[in-house]
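K.L.:
need a structure here:
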Amino acid sequence: MVAMTREPGFREEPSLLQALEQALHVVEADVRATGLDGPVGLILNDRDEYAHAVYQGGGSGSTTGIHPADASDPVYVLVAVADDLQNSIMHILWGTVWPVCPAHNLGAHAREHEGAAVWWCNGPGGHVIAPIGHWNG
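P.N.:
A predicted model of the protein is given here:
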């Protein structure tokens, strides 16, 4: 039988939670730049397996969650937090896409591109809208 090892959770490795909090602060700049003013925050699940980035206190059931391992890479943690917060915002604003590419009026997607965390548009040819944390659309 192979022994299963458990990776440290957010409570066991405070630096991972700190990385999430810093990433949330960066993504919050995009929330404000797009005109949303509700509070953003993090919720840890009871088993410490996932954190959830939430908008207006939205329930963690509206996001997929962020695994502690996602917080160990500075680019991926921004992408993971932006993606999770995007899910919460769209759940709270039901039927509204956030954020929206100003050039194509399509929903943006958080992703890694050329070593940076960016908001990406899948419009014609695909393109970077802005680095995460620097929305100016």
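K.L.:
Now for A80, how many residues are close by?
P.N.:
Residues lying near A80 (other CB atoms under 10 Å) number 25. In short, each C-beta sits where N, CA and C put it, glycine included.
K.L.:
I'd assumed S72 was in contact with it.
P.N.:
No. Assessed by CB atoms under 8 Å, A80 is found out of contact with S72, at 10.6 Å.
K.L.:
all strands of the protein, in order?
P.N.:
40-44, 51-55, 108-113, 116-121, 127-131 (DSSP state E).
K.L.:
Tell me the strands beside the fourth one, with direction?
P.N.:
When pairing is defined by DSSP bridges, strand 116-121 lines up against strand 108-113 (antiparallel), strand 127-131 (antiparallel).
K.L.:
low pLDDT regions in the chain?
P.N.:
1-6, 46-48, 57-62, 137 (pLDDT under 70).
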